[in-house]
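Novice: quick one: sequence plus predicted model below, questions after.
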Amino acid sequence: MTFEDMSSQLARDPFIPLRLHMVSGKTIEIRISDEAWMLEHCVMVIQRRIHPADDTGYDVIALHNIERIEQLYGLEPAGEV
């Protein structure tokens with residue numbers, strides 16, 4: 001995964017929710033654009049909970065550990081109904 005690939009997905013307007021597939025088999029969802037920030041060689045993803053006060057941490061994922069990005073079309077961003 002390149003910096004340009006990941007940053008272009010996060011910069012889409014309107015944002016399309018994403019699922020990151022890691023080389024380890026783990027998946028991480030990014031439901032809204034401000035849940036993830038690009039760093040130099042990685043992406044930082046906030047671990048969101050139902051209530052914002054329950055946010056407990058974040059994952060920092062090296063771009064070379066992301067196997068592919070799946071766009072979750074038809075999935076409403078978190079917080080919208």
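Specialist: Here it is on my side, so go on.
Novice: okay, and the beta partners of the residue most central in space within the chain?
Specialist: Nearest residue to the geometric centre of the chain (C-alpha atoms, centre = their mean): residue 30, 3.3 Å. Beta bridges link residue 30 to residue 18 when assigned by DSSP bridges.
Novice: show me where the chain has its strands.
Specialist: Counting by DSSP state E, the chain has strands at residues 18-22, 27-30, 36-38, 42-47, 57-62, 66-71.
Novice: residues in contact with the residue lying closest to residue 29 once chain neighbours are set aside?
Specialist: Nearest residue to residue 29 in three dimensions, chain neighbours excluded: residue 19, at 5.1 Å (C-beta to C-beta, 6 or more residues apart in numbering). For the C-beta atoms, the positions are set from N, CA and C on the backbone; glycine is no exception. When contacts are counted by C-beta atoms under 8 Å, 6 or more residues apart in numbering, residue 19 touches 27-30, 69-70, 72.
Novice: of the residues you listed, which is the nearest to residue 61?
Specialist: Set against residue 61, the nearest of the contacts of residue 19 by C-beta to C-beta is residue 28 (7.1 Å).
Novice: next one: that closest one, what pLDDT does it get?
Specialist: Note on residue 28: pLDDT of 93.
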